[in-house]
Every structure is written in C-alpha cells, then in structure tokens.
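Chemist: need a structure here:
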Amino acid sequence: MHETIKKNGLVISLAGFAISVNTLPALVPLLASRFGISTSSFGMVFLMQYASFTLCSLLIGRLYASYCIRLTHILVVSLLLSSTALFFIGALPNFASLVVMMVIIGGAGGLVESIGTTLLSSAKGSNRMLYSSQFFYAIGAFLSPLLVGVLLDRQLGVQGIGRSIALFSLMVGIVVWLLVLQPWNRKIERQAVRNRVGPLQQAPEETLREHAAALEGPSSPSSHFSLLFITMITYVMLESSMGSWFALFMHQALHRTLAQSSFALSLYWVGLLVSRFFSILVIIRRHERVLLGHLLLIVGSLLLLLTDLHLFGDSRLPFAVFVLGLGCGPMWPLLVDFCSRIFAKRNLLMYLVGAGSIGALSGPVVTSLCFSLIGIESMLWVFLVYALVMAGNALILVFLFKKGHKSRLPLDPSSTAT
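Modeler: From the prediction side, this is the model:
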C-alpha cells in the first residue's frame, strides 16, 4: 500500500509540472504587449526554458550516479519551486526577468519529469505507470490553456491569472508531497530500510540499481536506432511547438480572441488526454501497428486543417485539432516502449529519452524562426513537415525490422503487453 500510494503521487506530479510549463504560451500576446516586444522574441524564452529543462534532466542523472541523493525530496521541492515562480510571473518588471523565471520553471520541470519517470520505470508494471504518468501530464497541459481562457473571459489581468494558476499548481504539489513522502509513515519506512525484510522495503536507490541490472539483456542490433532517434526528436518538436505557438497562430493568423485561442489549444490537449487514457486501459500487443496508426492520425489531421483553412474556412478546425491530439497522445510512451522491446541495450533507451529533450529544446525556436521567415500563417505547413519526417522514419524502421530483424524481437510472451 505504501509503494502504491507513492507511485500514484509520482504519476500526479507530472500534472503539476505540465500546469507550470504550459501556462506561458497562452499569455504570450499579453506579455509581448506589456514589454513592448514582438511575439517571435518569445522563441528565446522557450529556448532558454527547454535548455534549462534538458540541462537539469541530465544533471540529476549525473548526480544520482555519483552521490546518494533523495530523489523524491528533490522532485517535491522542484514542483513547489515551479509553482512559486509562476505566482510572480505577472509582476515581473522586464523581459529579462521573464526569461530568468522561465529558466527556473523549465529546470524544475526537467527535474520533476526525469525523477518521476526514473522512479516509475524502476517498479514492476512500469509500462502501465509510464502511460499513466503521460496521461496526467496531458491533464495538466489541458488545464493550463483552459484556465487561462476562463480567467481571460472574466477580465483578469496577467498578474491575477499567474497567481490563480500558481495556487492551483501549488495545491497539486502539496498533494504530491503528501503521497510521495508520506510524512506520517517516515518512522515505519526508516525501520523497514534498516531491517531489509522484503523487496518492497528496500531503499529506492538500491531497488533502482537492482532493477537496472535485471533489465540488462543480450546485445540487440542498433544500426537503425538513428531512425527511432529522429522520430522522437521530430515528434517532440511538433508537440512542444503546438503547445507553444498554436494559441498565437489562432490569435494572429485566424484573428480569434485570446480566450478563443486558449480554448482551441485546449481541444488539442483534450484529444491527447483521451488518447492517453485509452492507452492505459487497452493492452497494446502490436506496437508497430499502433505507432503507425497514430502517425497516420497526425498527418491526416494536419492535412485536414490545411484543407479546411484554405478551402472551407475553419468550420472543421475544432474537430481537426481534437484528432491531432488523439494522434499525438501516446506517441512519447509508445516510442519509449517500442525502443525497449526491439533494442536490448539499455543505454539506447536513455539516448531516446535524451532525443525528447532535444526536440523540446529545438522545437519552439525552430518553429519561431520558420514563421518569422515565412509568416505565422504558414505555421501549419511547418507542422506538416515535422509529421512527414517522423512518419517516414517510422515507416522505414518498421519495414526494416519486419523484413530483417524479426528473430531479434523479444520472444517472451509477457513482453508483448504493456
């Protein structure tokens, strides 16, 4: 029961992280007007935010490998820190201070996601918990633009919006603190660690290392890993760019109000949320078919968006945005899960998670550069290029493994279910 409660807290922590990270994009037009800068300048904010995210993700791994540190304490402190930083976002005096604040939020987010994913993947049934954690991330990402839209409709300013969402994120952080650290059980836990009477009573660090050793398997071919690596990068580039810039696209290219733009972005997160929830309930047995099916949804929804906007106005835009979210939903855990099944080398899985950080780092700024050159009206074409690149790489990878590497796939029937 103690471990189950703790894992539930780790899963929920992704929601708190998502709320803090995804609040800024919906506020870009207001903050740009306040500081007297162009909206494209926020590409630098997103770049610094995700650079901090990537750096802290790598740094915590290095520290954990070298020192005995309490990962759960760092996760809780990071979650509370990001909520506190968001509370002051509306009172910042200049653009430079906004960059600093988003660097803090990005770094804290990197720690939360890295630690939460590591601790969840170290437990039995980690794939199920992995999908669950991404589902809760989608909840937080959906709530952010929705709350911004509701508060804008009530004529609340940036400062009031930041404080309101920060308080909500802080409440999530307190819930995570109670579930993960369980202060009422500290004496019992310390005694259990001393006694070492069962596997569930081992120290987290020891459990993680034993689990890592158990997962080390025979060598698998890695010559085609670059295809999966590029697929992960381009997917996260698409997801991070969608979260960062789509509300601005709606406001400037389609001339919607800020509230309407936030609500439109929330439809994407609703689709993503539904898709991730479905992936928790249904056992995935044919990963390559599910992966290609979601890639088809992504490409098809973007083509529908482009066709709709150029030929029929935007009557089907809400549906297309929702379908795009459905397609993107389980892509990140699917790619991670797919990698763990076709490559036995554990370090390749770590590299794939790193590819996601690269995509999160480069996506918003590359997209910003593109629409600065060709206009924000063409942003959906940039998204389509991302989708075609990752779909092409995934198709080639699946074809190669179907053709020449079937014998290398895991033979254990238990490994064919999430």
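
Chemist: Poorly predicted segments of the stretch 51-200 of the chain, please.
Modeler: 61-62, 64-68, 118, 121-127, 185-200 (pLDDT under 70).

Chemist: what about the helices in it?
Modeler: Secondary structure of the stretch 51-200 of the chain (DSSP state H, counting those that start in this stretch): helices located at 71-87, 95-121, 126-153, 158-181, 186-195.

Chemist: Can you tell me which of those is nearest to Ser57?
Modeler: helix 95-121 (4.1 Å; C-beta to C-beta). C-betas here are computed from N, CA, C, even on glycine.

Chemist: which helices and strands does the closest one pack with?
Modeler: Secondary-structure packing of helix 95-121 (3 or more C-beta pairs under 8 Å, 6 or more residues apart in numbering; DSSP states H and E): helix 2-21, helix 24-35, helix 42-66, helix 71-87, helix 126-153, helix 204-215.

Chemist: Check what contacts stretch 129-141 and list those residues.
Modeler: Here stretch 129-141 makes contact (C-beta atoms under 8 Å, 6 or more residues apart in numbering) with 7, 10-12, 14-19, 21-22, 113, 116-117, 120-121, 123, 172, 243, 269, 272-273, 276-277, 279-280, 329-330, 332-333, 336-337, 418.

Chemist: From the chain's centroid, how far away is that stretch?
Modeler: When distances are taken as C-alpha atoms, centre = their mean, to the nearest Å, stretch 129-141 is centred 8 Å away from the chain's centroid.

Chemist: Check the gap between Ala394 and Leu227 for me.
Modeler: The gap separating Ala394 from Leu227 is 7 Å, by C-beta to C-beta, to the nearest Å.

Chemist: Which one's more surrounded, the two?
Modeler: A direct count of neighbours by other C-beta atoms under 10 Å for Ala394 and Leu227 places Ala394 higher, at 26 against 19.

Chemist: just checking, that one touches Arg289?
Modeler: No - contact criterion C-beta atoms under 8 Å: Ala394 and Arg289 do not qualify, at 11.4 Å.

Chemist: Adding mean neighbour count, write the helices and strands packed on helix 95-121 out as JSON lines.
Modeler: Formatted as JSON lines, these follow (neighbours: other C-beta atoms under 10 Å):
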{"stretch": "helix 2-21", "mean neighbour count": "23"}
{"stretch": "helix 24-35", "mean neighbour count": "20"}
{"stretch": "helix 42-66", "mean neighbour count": "19"}
{"stretch": "helix 71-87", "mean neighbour count": "22"}
{"stretch": "helix 126-153", "mean neighbour count": "23"}
{"stretch": "helix 204-215", "mean neighbour count": "14"}
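
Chemist: Out of these, which is closest to Val389?
Modeler: helix 42-66 (19.3 Å).

Chemist: Could you figure out how far that closest one is turned away from helix 2-21?
Modeler: Here the directions of helix 42-66 and helix 2-21 differ by 150 degrees (axes from the mean of the first three to the mean of the last three C-alpha atoms, to 10 degrees).

Chemist: For Met390, find the nearest of the helices of the stretch 51-200 of the chain.
Modeler: helix 126-153 (17.3 Å).
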